[in-house]
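Peer 1: Need coordinates for the below:
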Amino acid sequence: MAENFQAEKRRQGWFYLLLFFLIVLNIFLVRGVWRVYQKSRLAGDNYLSAKERLDILTARQKVLTDRLESLKTERGLEEQIRNNFPVVKPGEKVVVIVDSPTTTATTTETGNPLWRAIKSIFFNK
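Peer 2: Down below sits the predicted model:
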């Protein structure tokens, strides 16, 4: 019976050792999977921000290409020169459009008439 007890004790010891080893192995595996998951999320976020930047830069490139194409024509070049510098061609005249004069409202002073009289004596302009 003592031999049976000793053998059972050894088997139980090996079982607990194997169980401990499997738990430690699982901890390392879960930790590795968690790191891979975090890196995957970070890569996905970086991909989305890079895609947005690419879309913005592609749109800007299209605008700049269109502007460059318009500058290759004489009309586009003349338009840019006229927008950026105050120039006219020989023989052209400048037309200045003036807004109609607005009527100015007369201001009436309110307050004490005696004070206005004293003010007009000392501060007559």
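
Peer 1: Ser40: neighbouring residues, count only.
Peer 2: Using other CB atoms under 10 Å, Ser40 has 10 neighbouring residues. Every C-beta, even on glycine, is put in place using the N, C-alpha and C of the backbone.

Peer 1: any idea how far Val33 is from it?
Peer 2: 10 Å (CB to CB, to the nearest Å).

Peer 1: do the same with Ala59
Peer 2: On the measure of CB to CB, Ala59 and Val33 end up 39 Å apart.

Peer 1: and the longest helix along the chain, what's its mean pLDDT?
Peer 2: In the chain, taking DSSP state H as the definition, the longest helix is helix 2-72. Here helix 2-72 scores 92 as its mean pLDDT.

Peer 1: now that helix: how far from the chain's centre is it?
Peer 2: Mean C-alpha position of helix 2-72 versus that of the full chain (CA atoms, centre = their mean, to the nearest Å) differs by 28 Å.

Peer 1: Report the next helix or strand after it in sequence order.
Peer 2: Going down the chain from helix 2-72, the next helix or strand is helix 74-84, by DSSP states H and E.

Peer 1: Mind giving me the packing neighbours of that next one?
Peer 2: In this structure, helix 74-84 makes packing contacts with helix 2-72, judged by 3 or more CB pairs under 8 Å, 6 or more residues apart in numbering; DSSP states H and E.

Peer 1: tell me what the helix it packs on is packed against?
Peer 2: The helices and strands touching helix 2-72, judged by 3+ CB pairs under 8 Å, 6+ apart, are helix 74-84.

Peer 1: For the helix or strand immediately after the helix it packs on in the chain, the averaged confidence score.
Peer 2: Next helix or strand after helix 74-84 toward the C-terminus (DSSP H and E): helix 113-122. Averaged across helix 113-122, pLDDT comes to 80.

Peer 1: starting at the chain centroid, how far to helix 113-122?
Peer 2: The answer for helix 113-122 is 61 Å, by CA atoms, centre = their mean.

Peer 1: What of stretch 89-96?
Peer 2: Centroid separation between stretch 89-96 and its chain, computed with CA atoms, centre = their mean, is 44 Å.
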